[in-house]
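*Asks:* this one's sequence-less:
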Ligand SMILES: Cc1cc2nc3c(=O)[nH]c(=O)nc-3n(C[C@H](O)[C@H](O)[C@H](O)COP(=O)(O)OP(=O)(O)OC[C@H]3O[C@@H](n4cnc5c(N)ncnc54)[C@H](O)[C@@H]3O)c2cc1C
């Protein structure tokens, strides 16, 4: 008799929650996705709507407005969020609940949780995670934005680049240099953006994720209380790398769900679009292409679920998360390419979901750690 136990991460409660998010994404978000892309942003009021629905606080502590649920709710949320058909909106919302704020929940003081975390979970304040700089993206250890101590204040000078939610953020979870060059001299802090000397530079025009603002930020002698340091001084590199795990896992989940949605859409299209007297989907070359992709997506999904399971149990998952991000984010590029090809001319028209998805998913192998950086991490951990 086998002693194996079936691994089914989603309970009935998870699935009920999934249905709620799906309905919300399909009815309230997807119909506007194209218009938000054209406008270059979605309405600010949506942050509050997500807050009301509890979507920012899924795994956050109840004391600060969270629901203290397990990570499988986040998986279900991120999977369904792709049905908004807006990669930009998905990025913005995942930054708010899953990237900029978990670290405040873990390391923040009571004051930081009251001032930054709680309003962010309600959607009253917009959060951004500001790590990358014009000359330091992959190489986080070389950031040069400094925070000098002056009495009980920090004086911040420098700039940040490619910051999602950056143009309208009310506060930043900000990486600064407080000590020696290299990874040992970096700290994190919470930074309110109404401070004198802070300026949003240009909002970057991107090829996809149009509805998400991605900004350049400037700091000119910005003074904040030193008690806004997040976690231990000069331990920021370690905290950034820890925080990256949630970000990379969210990217892998998004990539798998996007690939599945693209394939489902293409197969449905293949039943109605006809050429040479037959439905497109009846051509064996496409059936085989889709079969290969469906199998690869299933493999990527279970690699991602393996990483999510470890993450959910708060076990070390750097190897699994890096592998999942690498595999899923690379895979969705090929899936999007083929699904676009399958749609022919319509695939090249920006009003089609497949064209916008092709543009949106492109960011997944770059943001939050590139595929090359994932390979570096994986080889360091398991290579020889
Ligand atoms: C849409 C979008 C949203 C973003 N949002 C945020 C955000 O909210 N907050 C934030 O802080 N940052 C954000 N970023 C920045 C993002 O994290 C960086 O762009 C990314 O980490 C890569 O850094 P880089 O652009 O400086 O590329 P570089 O580090 O200059 O790398 C350029 C190329 O060289 C390769 N490379 C670098 N090092 C190595 C190596 N050791 N071996 C082999 N190849 C290597 C890279 O893989 C890449 O292909 C965002 C980026 C995008 C595109």
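*Replies:* Noted; the coordinates are in hand. Please read these numbers as outputs of a predicted model, since none were measured by experiment.
*Asks:* quick one: residues contacting whichever residue of the chain sits closest to the ligand.
*Replies:* Nearest residue of the chain to the ligand (CB to the nearest ligand atom) works out as residue 137 at 1.9 Å. Placement of C-beta: from N, CA and C, glycine included. For residue 137, the contact set (CB atoms under 8 Å, 6 or more residues apart in numbering) comprises 161-162.
*Asks:* also the one 5 residues further on?
*Replies:* When contacts are counted by CB under 8 Å, 6+ apart, residue 142 is found next to 135-136, 181-182.
*Asks:* any idea where the helices of the stretch 201-350 of the chain begin and end?
*Replies:* Ranges of helices in the stretch 201-350 of the chain, per DSSP state H, counting those that start in this stretch, are 236-272, 284-312, 318-342.
*Asks:* so which of these comes closest to residue 152?
*Replies:* With CB to CB, the closest approach to residue 152 among the helices of the stretch 201-350 of the chain belongs to helix 236-272: 19.2 Å.
*Asks:* the closest one and the ligand in contact?
*Replies:* No. On the criterion CB under 6 Å from any ligand atom, helix 236-272 is out of touch with the ligand, staying 8.7 Å away.
*Asks:* any idea of the mean pLDDT for that helix?
*Replies:* Helix 236-272 shows a mean pLDDT of 97.
*Asks:* tell me the angle it makes with helix 318-342.
*Replies:* With axes from the mean of the first three to the mean of the last three CA atoms, to 10 degrees defining the directions, helix 236-272 sits at 30 degrees from helix 318-342.
*Asks:* run the angle between helix 236-272 and helix 284-312 for me.
*Replies:* In terms of direction (the same axes, to 10 degrees), helix 236-272 departs from helix 284-312 by 150 degrees.
*Asks:* how far off centre is helix 236-272?
*Replies:* Here the centre of helix 236-272 is set off from its chain's centre by 9 Å, with CA atoms, centre = their mean, to the nearest Å.
*Asks:* can you start the count at 35 instead of 1 from here on
*Replies:* New numbering, starting at 35: the last item is helix 270-306.
*Asks:* buried sites along stretch 207-227?
*Replies:* 207-212, 217, 219-227 (16 or more other CB atoms under 10 Å).
*Asks:* just for the protein, where's the confidence low?
*Replies:* 35-39 (pLDDT under 70).
*Asks:* where do the strands sit along it?
*Replies:* Remark: strands assigned in the chain by DSSP state E are 161-164, 180-184, 187-198, 205-211, 220-226, 232-237, 248-259, 263-264, 308-309, 312-313.
*Asks:* same list (these) but as TSV, adding distance to residue 118.
*Replies:* Shown next, in TSV, are the strands of the chain (distance: least, CB to CB, whole Å):
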stretch	distance to residue 118
strand 161-164	19
strand 180-184	36
strand 187-198	16
strand 205-211	24
strand 220-226	28
strand 232-237	21
strand 248-259	18
strand 263-264	30
strand 308-309	30
strand 312-313	29
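*Asks:* as TSV, the ones you listed with distance to the ligand would be great.
*Replies:* Formatted as TSV, the strands of the chain follow (distance: least, CB to the nearest ligand atom, whole Å):
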stretch	distance to the ligand
strand 161-164	5
strand 180-184	16
strand 187-198	4
strand 205-211	8
strand 220-226	12
strand 232-237	12
strand 248-259	5
strand 263-264	15
strand 308-309	36
strand 312-313	36
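*Asks:* so the nearest residue to residue 83 once chain neighbours are set aside versus residue 218, what's the distance?
*Replies:* Nearest residue to residue 83, sequence neighbours excluded (CB to CB, 6 or more residues apart in numbering): residue 157, at 7.0 Å. In this structure, residue 157 lies at 36 Å from residue 218, with CB to CB, to the nearest Å as the measure.
*Asks:* and for residue 377?
*Replies:* Taken as CB to CB, the span from residue 377 to residue 218 is 51 Å.
*Asks:* do the same with residue 44
*Replies:* Taking CB to CB, one finds residue 44 at 42 Å from residue 218.
*Asks:* can you check residue 110 too?
*Replies:* Plainly put, residue 110 is 39 Å away from residue 218 if you go by CB to CB.
*Asks:* around the ligand, pick out the residues from this structure.
*Replies:* Checking the chain against the ligand by CB under 6 Å from any ligand atom, the hits are 129, 163-166, 171-173, 196-198, 240, 243, 248, 397, 400-404, 406-407, 410.
*Asks:* residue 227 against residue 205, yeah?
*Replies:* Yes. The criterion here is CB atoms under 8 Å, and residue 227 meets it with residue 205 at 6.0 Å.
*Asks:* and residue 383, what does it touch?
*Replies:* Listed by CB under 8 Å, 6+ apart, the contact set of residue 383 reads residue 389.
*Asks:* look up phi and psi at it.
*Replies:* Main-chain torsions, residue 383, degrees, to the nearest 10: phi -90, psi 130.
*Asks:* show me the contacts for the nearest residue to residue 91 once chain neighbours are set aside.
*Replies:* What sits nearest to residue 91 in space, not counting adjacent residues and going by CB to CB, 6+ apart, is residue 100, at 3.4 Å. Residue 100 makes contacts with 91-94, 139, 155, as judged by CB under 8 Å, 6+ apart.
*Asks:* going by distance to residue 283, which of those wins?
*Replies:* Closest approach between the contacts of residue 100 and residue 283, by CB to CB: residue 93, at 11.7 Å.
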